[in-house]
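[1] Quick one, fold the following:
(2 chains)
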Amino acid sequence: MKILLAEDETDLADVVSAMLSHSGYTVDTVSNGLEAVEKARGDAYDAILLDIMMPVMDGLAAVAEIRKSGNTTPVLFLTAKTEVDDRIAGLDAGADDYLTKPFAMGELLARVRAMTRRHGQYSPRIVTLQDLTLDTSKSELTCRNSISLAIRETRLMEQFMNNPEIAFSTEELLEKFWLGEDSADADAVWMYISFLRNKLKAVGSSLVISGETGGAYVLTQGVAV
Amino acid sequence: MESIYNGYEKKLHEIAIRVTERIRDYGSTFSDKTGKKLFEHLSWRIKTEESMRSKCIEDGLPLTAHSALKEIHDAIGIRIVCLFLNDIHNNIEELRKLPGCTVIEEKDYIGAAKPNGYRSYHLILSVEDDEPDIDGNTPGTYFAEIQLRTIAMDTWAALEHEMRYKKDIRHPELISAELKRCADELAACDVSMQTIRDLIRS
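    This is a model prediction of the structure:
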């Protein structure tokens, strides 16, 4: 799983990042809100940890900006004890949880686990992107036509539609959608990408998934025929 | 009561058999070459007197042989049922090349299914004939509607047809919604099976 950490206190950022990496997460660290917004736009994260007091753009403005783009990634605020108003404002701006400094690393990890576990329930059932609509509760993909998707196809499609123009490597997809399935390999991913490509075509969407066998895949606007 | 086809029934049968034979011919050529079948089932029918009369009334046309043979284009209906989606497109390519026939209209209900979930590819062939037709033109011109679909689409259409002509169905909205869901699931299977075939063959 991939986590974005925005914290301007270098020492704290280093400790948190090391802890998370040690627990198996991939961590990208930035030092202000603006960088966090840009990172969140360019990459798909499973959770975002934001400090409130940061230079250039604070955590409050950053979470508002991230939510404005339709991004539903869980956000955890790291706040100083005195910032009660900020905590309220933060939750109202779209954060999912907060943790007051100083905090125990064990608690931070537990909250990250809880947040990423819950995410599925909070994501919208209907995802739309340009001409395409995905109803995750009915596993149905619709454009000019509608077609049913298998459960894994639905989850993959949801990931792509929530992160258009972002490339996912075969390894990332295997780790996220074939977790614990020893027999799954690049061919399994390729087969599901092929299913989704042909289903996008079957519903008449202008969106395509580009990429080669074993490589990275990205949902993007197809070339007009 | 005089037939709405006014003596042209025999001609319609003749044309239907002739076109069907040509379809069978390109099918055999294809299987001789590749060892694979281009279609599974091939059938034809002439629209019944009764259906033709109701269609004329529905379309606001006079009950004449001219309406039945010239204005309405599905007096002859031919159905080609295939195993895989791509076979449908291969058949369409062959139909475009049929001697003495011209594709004059196409409706792609696979690319854009009907709201109830109906999927098939319809095309109208205009077929030339040596003898004069009802309008006195030589060569004569007849029309045939070709329906192309997969076995899955064919099964669905059979069920939908059964439902449509059955009276007093309980929960018709529920049945329609479930039929629509079946259509989308079958379409998903057709796409998945075509994809797997492509992967196997690549």
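
[2] contacting residues for the residue of chain A found nearest chain B?
    Ranked by CB to the nearest CB, the top residue of chain A for proximity to chain B is A:S148, at 4.2 Å. Heads up, the C-betas are built off the backbone N, CA and C, glycines and all. Listed by CB atoms under 8 Å, 6 or more residues apart in numbering or on different chains, the contact set of A:S148 reads A:S139, A:E140, A:L141, B:R181, B:D184, B:E185, B:A187, B:A188.

[3] if you set the cut-off to 7 Å instead, what comes out?
    Listed by CB atoms under 7 Å, 6 or more residues apart in numbering or on different chains, the contact partners of A:S148 are A:S139, A:E140, B:D184, B:E185, B:A188.

[4] Does anything pack onto the helix or strand where B:E106 lies? Which helices or strands?
    According to DSSP states H and E, B:E106 maps onto strand B:101-108. Packing contacts for strand B:101-108, counted by 3 or more CB pairs under 7 Å, 6 or more residues apart in numbering or on different chains; DSSP states H and E, involve strand B:121-129.

[5] Contacts made by the lowest-mean-pLDDT helix or strand in chain A with the rest, please.
    Every helix and strand of chain A was ranked by mean pLDDT, DSSP states H and E. The lowest is helix A:105-122, at a mean of 80. Helix A:105-122 has contacts (CB under 7 Å, 6+ apart) with A:1, A:3, A:16, A:19, A:23, A:46-47, A:72, A:74, A:76, A:96-97, A:99.

[6] mind listing what's buried in the helix or strand just after it?
    Using DSSP H and E, the helix or strand that follows helix A:105-122 towards the C-terminus is strand A:126-129. The neighbour-count check on strand A:126-129 (16 or more other CB atoms under 10 Å in any protein chain shown) flags A:V127, A:L129 as buried.

[7] Pick out the most distant pair among the contacts of helix A:105-122.
    A:M19 and A:T72 (25.0 Å; CB to CB).

[8] which strands and helices sit next to the lengthiest helix in chain B?
    As assigned by DSSP state H, the longest helix anywhere in chain B is helix B:172-201. With contacts taken as 3+ CB pairs under 7 Å, 6+ apart, helix B:172-201 sits against strand A:146-148, helix A:186-202, helix B:85-96, helix B:151-164.

[9] and the second one, is it in reach of chain B?
    Yes: under the criterion of CB under 7 Å from any CB of the partner chain, chain B is reached by helix A:186-202 at A:M191, A:S194, A:F195, A:N198, A:K199, A:A202.

[10] Please pick the buried ones from the residues you listed.
    A:S194, A:F195, A:N198, A:K199, A:A202.

[11] and the nearest residue to the last one once chain neighbours are set aside, how far is that from A:S148?
    The one in question is A:A202. Distances taken as CB to CB, 6 or more residues apart in numbering or on different chains put B:V191 closest to A:A202, at 4.9 Å, once the chain neighbours are dropped. Going from B:V191 to A:S148 by CB to CB, to the nearest Å gives 10 Å.

[12] Which positions in chain B make contact with chain A?
    Residues of chain B lying near chain A (CB under 7 Å from any CB): B:G111, B:A112, B:A113, B:D184, B:E185, B:A187, B:A188, B:V191, B:S192, B:Q194, B:T195, B:L199.

[13] try 8 Å this time
    Residues of chain B found near chain A (CB under 8 Å from any CB of the partner chain) are B:111-113, B:181, B:184-185, B:187-188, B:191-192, B:194-196, B:198-199.

[14] Now a ChimeraX select for only the buried ones of these.
    Entered in ChimeraX, the line below selects the buried ones among those, by 16+ other CB under 10 Å:
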select /B:113,184,185,187,188,191,192,194,195
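
[15] of the residues of chain B next to chain A, closest to B:E160?
    Taking CB to CB as the measure, B:E160 lies nearest B:A113 of these, at 11.8 Å.

[16] Doesn't B:G117 lie inside a helix?
    No: checked against DSSP: H, G, I helix; E, B strand; the rest coil, B:G117 lies outside a helix; its state is coil.

[17] Ignoring the adjacent residues along the chain, who's closest to it?
    Excluding the flanking residues, the one nearest B:G117 by CB to CB, 6+ apart is B:A183, at 2.7 Å.

[18] just checking, that neighbour touches B:A157?
    No: using CB atoms under 8 Å, B:A183 is not in contact with B:A157; the gap is 9.4 Å.

[19] These two - which one has more neighbours?
    B:A183 (26 against 19; other CB atoms under 10 Å in any protein chain shown).

[20] Spit out the contact partners of that one.
    Contacts for B:A183 (CB under 8 Å, 6+ apart) come out as B:A113, B:N116, B:G117, B:Y118, B:R119, B:W156.

[21] so where is chain B shaky, pLDDT-wise?
    Applying pLDDT under 70 to chain B flags the ranges B:1.

[22] Now the residue nearest the centre of it. Nearest residue, chain neighbours left out?
    By CA atoms, centre = their mean, the mean C-alpha position of chain B lies nearest to B:Q147, the distance being 2.0 Å. Using CB to CB, 6+ apart and skipping the chain neighbours, the partner closest in space to B:Q147 is B:R79 (4.7 Å).

[23] any idea how far chain A is from that neighbour?
    In this structure, B:R79 and chain A are 22 Å apart, going by CB to the nearest CB, to the nearest Å.

[24] before we move on, what about B:I200?
    Distance from B:I200 to chain A, by CB to the nearest CB: 11 Å.

[25] Okay, domains of the chain per the record?
    Just so you know, I chose chain A. Using automatic domain parsing, the domain parsing of chain A gives A:2-122, A:126-221.

[26] try again with chain B
    Structural domains assigned to chain B are B:9-151, B:157-201, following automatic domain parsing.

[27] Check which residues of stretch A:76-85 are buried.
    Using 16+ other CB under 10 Å as the test for burial, stretch A:76-85 gives A:L76, A:F77, A:L78, A:T79, A:E83.

[28] my hunch is that the first one is in a strand, does that hold up?
    Yes: under three-state DSSP, A:L76 sits within a strand.
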